[in-house]
Every structure is written in C-alpha cells, then in structure tokens.
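S.K.: Next come a sequence and a model predicted from it.
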Amino acid sequence: MGLQSFEALTDYRLHGTLHSGALSSTKAAEPQHQDITTQEGAPVKQSFPISREQLTTIAYRAGHIMRDHFTHFGMARDVKGDKTPVTLADTLINTMFIERVREIAPHIDVVGEEESCRKESPWQLVVDPVDGTFPFTWGMPVATFMAALLFEGVPVIGVIYDPFTDRMFSAERGKGAHMNGRSLRVSQAATRGERPIVGYVSWPDSPYNVLKVMHYLEERGITSINLCSIGYIEVAVATGELAGTVFPGTAHHDTAPGHIIVDEAGGRVTDVHGKLLTYEGGKIAGHVMSNGRIHELLMEALAACNP
C-alpha cells in the first residue's frame, strides 16, 4: 500500500496506480519510515526527510505572507522573461521556504519557481510560492501556495494552501487526500446530463492547442473554465467540483503537488500523451488530471486537436 513495498512502487512506475487502504514548529521531527525502493528495485526502509505536517506549517506561513501583501488594486510587480508577473510575495515566500526546509532537511534538493537550492539527492522538494500570480496581482483572491516532496521522481507528499479561505489541501502516498482534515474524493460526473466541468490554463503560444481542446469538449457536453490558477483547478478536481483539467505547462512545481492530491482522492493523472507522469527530467509534457471517468475523452480531445 502506498510507497510501502517494491511491488507497489513498481506498479506505480509501470501503470501509474498505487492503491490505498500539526506540528507547531518546523524543526525536525521523528522520521516517518516507509518501505520504498532504490532505482535498482531493492526494497529498503527509508524515512521522509520532511513530514506532511511540517510542510503544512510552512504553507500556513506562506499564506500569511500572501495575505499581508494582497491589495485590491495596483499591486507592484515585475515581469519575467516568460511574460508572467512576479511580486515581492513570490520572492519572500520562496526564500522563506528554502530557509525553513534547510532547518529540517539540509541535504534535500529544493527547486522553486523563483529561487532554488540544489543538492544531489533522491529527495526533491518543488515549490510554487504564489500560483495564480495574475489574479493575485489583479486583487482577485484566487491564488495558492503549492509544494510537493518527490522521491526519485515520484510525488509522495503534496500540499496546496488557499490562504484566503484557509483551506489546506494535502496528501501523502497511501494515506488519502484531505482538506482541513476532511477526506476528499473525485466526482463521478461523466455524461452530458451530469454537466462535467473541466478546468484549464492557457496562454499565447502555449503548446497542445488547449483552447481548441476546450472547444472540442464543449461540443460534447463539457463545460470549461479558466481560473488562471492551476493549483485551484487541481484541488477542485480532488474535491469533485471539477471532473478534470488539461494543462500544457512543463514545470514540475505546477503539477506535482496536485498530482498526488488528485491521485490519492481516487482520480487519474497522466501527461498529455496519456503516459505515466514522472518528474525525473527537467520538464514534463503537461498534464491531464481527471476523475477517471472522463479521462479517455480528454485524451481523445487532445489527440484530435493535436494531429
């Protein structure tokens, strides 16, 4: 169950499935032992270098910074080379995250959207300090903090925090997905009468013709919505409010946190080609997350719109 045996992790890497049965300080806690595997396939007793509780504690601190810097209009921002905005909150949270992680796990690899602290390690933390920076800078409270712990490219813990409604979404491999302690489950919506909704984020020159994909889906009874925050969309799939999401982004921090949350909520996650989604390379081929019931339709739409 979870990353608790060689067979379980092998099943995940082959088929993308793993079947499942507050610390007040960010200081190092007792290690959480799990049976995981080496790259050679040998089962070993290993411990997580940072716990879900410690990550949620950091997420609450990040949310405090987000709220402190949130204004209704005219938020100061810079524009990065990819034409996306970056705010003081982004950089402060990213720096704070690295500092807190270094107190707990000095040797773990940390990759952030705005700043990284690289180490040679099978363990990696990825972080998006403010996901949904566009609406955040517009004075719209649709933004989240996102982080995930990966072991050899497989997400094992994910945290997404909405500081404006104080909703903490988290998951640990084999232990389910939760929002503020409440178990999450994906929806069963699939037919036109059930009005399934699919979230997406798109931008000029984004790959995979996502807007065309949404038009294809709408012709088949799917409602589409762009919230400009992929973290919000991912947790909405996990809660059952949305039936799926198609996302063309290639960065690990945009996908890995929601990947494990949706997976542990009973959903299905692949890249845009329907392949197992792992994070061992520098980039991923987008993602498709769903309740499982509409996954093949989403793949059909991507194939039809990207010949």
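M.R.: It's in. Numbering: from 1, shown residues only.
S.K.: what's the neighbour count on residue 91?
M.R.: 17 (other CB atoms under 10 Å). (C-beta placed from N, C-alpha, C; glycine too.)
S.K.: Same check on the one 3 residues further on?
M.R.: Each residue near residue 94 was counted by other CB under 10 Å, and the total is 22.
S.K.: Under a three-state scheme, what state does it occupy?
M.R.: helix (DSSP: H, G, I helix; E, B strand; the rest coil).
S.K.: what residues are up against it?
M.R.: Shown in contact with residue 94 (CB atoms under 8 Å, 6 or more residues apart in numbering): 112-115, 127, 129.
S.K.: Residue 209 contacts residue 305, correct?
M.R.: Yes. With contact defined as CB atoms under 8 Å, residue 209 and residue 305 form a contacting pair (4.5 Å).
S.K.: Compile the contacts of residue 94 into CSV and extend it with columns for secondary structure and neighbour count.
M.R.: Listed next are the contacts of residue 94 as CSV, based on DSSP: H, G, I helix; E, B strand; the rest coil; neighbours: other CB atoms under 10 Å:
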residue, secondary structure, neighbour count
112, strand, 22
113, coil, 24
114, coil, 18
115, coil, 16
127, strand, 30
129, strand, 29
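S.K.: residues contacting the residue nearest to residue 271 when sequence neighbours are not counted?
M.R.: Nearest residue to residue 271, sequence neighbours excluded (CB to CB, 6 or more residues apart in numbering): residue 285, at 4.1 Å. With contacts defined as CB under 8 Å, 6+ apart, residue 285 is in contact with 250, 271-273, 275.
S.K.: Pull out the buried residues from those residues.
M.R.: Using 16 or more other CB atoms under 10 Å as the burial test, those include 250, 271-272 as buried.
S.K.: from those residues, which ones fall inside strands?
M.R.: Among those, no residue falls in strands (DSSP state E).
S.K.: any idea which of those residues is closest to residue 243?
M.R.: Nearest to residue 243, judged by CB to CB, of the buried ones among the contacts of residue 285 is residue 272 at 16.9 Å.
S.K.: Relative to residue 204, how far out is the residue nearest to that closest one when sequence neighbours are not counted?
M.R.: In space, and not counting its chain neighbours, residue 272 is closest to residue 286: 4.0 Å by CB to CB, 6+ apart. Residue 286 sits 16 Å away from residue 204, going by CB to CB, to the nearest Å.
S.K.: Buried residues in stretch 210-220, which are they?
M.R.: By 16+ other CB under 10 Å, the buried positions in stretch 210-220 come out as 210, 213-214, 216-217.
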